[in-house]
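Novice: The following block contains a protein sequence and its predicted model.
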Amino acid sequence: DGGITQSPKYLFRKEGQNVTLSCEQNLNHDAMYWYRQDPGQGLRLIYYSQIVNDFQKGDIAEGYSVSREKKESFPLTVTSAQKNPTAFYLCASSTTGRGEQYFGPGTRLTVT
Amino acid sequence: AQSVTQLDSQVPVFEEAPVELRCNYSSSVSVYLFWYVQYPNQGLQLLLKYLSGSTLVKGINGFEAEFNKSQTSFHLRKPSVHISDTAEYFCAVSVFSGNTPLVFGKGTRLSVIA
């Protein structure tokens, strides 16, 4: 089945630790995205990539980093510089940079 | 730049009643429009999309939306809701040209009451 996988579903970390969230797609999509979701705030774009080895900051990139070494994979690292990392993180992909997006199931990160 | 306003953050409605979730957008160029649904602790699922052609768009689960260019709106409707429609709904906009990602509204939480 084609789709987007995110792992793990739930992730717990201690404050001060970096953590990497996985996102893999087998849809052969060029573009991939990371969003953060907090209650009542909708989706906020963290980073996006429209082609391998290239990515752009979104609205809330501070404290996050990404890489795009393969078309299928777009991991997100939440660094210790991110002040409020506890949130629901969603990965998405699309055929082009402006097309409809397909979403993964999300990862809920809790940092204590 | 584009923007999306979902006029209601929460909409309670009784089962089998009709519902309309409102979405207005702002853009200086032609757009594509989308509605997504999110069930608790899940990703977003595409409900329907307007790319061109007929302004009345039908989607999954009995939902439909109408594109109104003069009012820059794309309201989502369902004639009779079910308990299972309880979820968060997001409106999104994208432009015809360039590679700008979708811009999402803040969402409307639909609660269907038995």
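Specialist: Received, thanks.
Novice: low-scoring stretches of the chain, by residue?
Specialist: Since you didn't name a chain, this refers to chain A. By pLDDT under 70, the low-scoring segments of chain A are A:1-2, A:97-98.
Novice: think we crossed wires, I meant chain B
Specialist: Applying pLDDT under 70 to chain B flags residues B:96-99.
Novice: Look at B:Ser84 and give its secondary structure.
Specialist: Put simply, B:Ser84 is helix when judged by DSSP: H, G, I helix; E, B strand; the rest coil.
Novice: can you pull out the strands in chain A?
Specialist: Remark: strands assigned in chain A by DSSP state E are A:4-7, A:10-13, A:19-25, A:31-37, A:43-51, A:54-57, A:64-66, A:76-78, A:87-94, A:102-103, A:107-111.
Novice: my read: A:Met32 touches A:Pro75, true?
Specialist: No. If you go by CB atoms under 8 Å, A:Met32 and A:Pro75 don't touch, sitting 10.1 Å apart. (Glycine included, C-beta is placed from N, CA and C.)
Novice: Compare neighbour counts for those two and give me the winner.
Specialist: Using other CB atoms under 10 Å in any protein chain shown, the more surrounded residue of A:Met32 and A:Pro75 is A:Met32, with 29 against 16.
Novice: Contact partners for that one?
Specialist: A:Met32 sits next to A:23, A:25, A:48-49, A:68, A:74, A:91-93 when contact means CB atoms under 8 Å, 6 or more residues apart in numbering or on different chains.
Novice: redo that, cut-off 7 Å
Specialist: Each residue near A:Met32 by CB atoms under 7 Å, 6 or more residues apart in numbering or on different chains is listed here: A:23, A:25, A:48-49, A:74, A:91, A:93.
Novice: Out of the residues you listed, which are close to chain B?
Specialist: Contacts with chain B within the contacts of A:Met32, counted by CB under 7 Å from any CB of the partner chain: A:Tyr48.
Novice: which residues sit in contact with the residue nearest the centre of chain A?
Specialist: For chain A, the residue nearest the mean C-alpha position is A:Trp34 (3.1 Å; CA atoms, centre = their mean). Residues in contact with A:Trp34 (CB under 7 Å, 6+ apart) are A:46-47, A:66, A:76, A:89, A:91.
Novice: which residues of chain B fall in strands?
Specialist: Using DSSP E, strands in chain B cover B:3-6, B:10-14, B:19-21, B:23-26, B:31-38, B:44-50, B:56-58, B:64-68, B:73-78, B:87-95, B:103-104, B:108-113.
Novice: Turn the ones you listed into a markdown table, columns for distance to chain A and mean neighbour count.
Specialist: Converted to a markdown table, the strands of chain B look like this (distance: least, CB to the nearest CB, whole Å; neighbours: other CB atoms under 10 Å in any protein chain shown):
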| stretch | distance to chain A | mean neighbour count |
| --- | --- | --- |
| strand B:3-6 | 8 | 17 |
| strand B:10-14 | 10 | 14 |
| strand B:19-21 | 14 | 19 |
| strand B:23-26 | 12 | 19 |
| strand B:31-38 | 6 | 23 |
| strand B:44-50 | 4 | 19 |
| strand B:56-58 | 13 | 14 |
| strand B:64-68 | 14 | 18 |
| strand B:73-78 | 14 | 21 |
| strand B:87-95 | 5 | 24 |
| strand B:103-104 | 5 | 22 |
| strand B:108-113 | 9 | 17 |
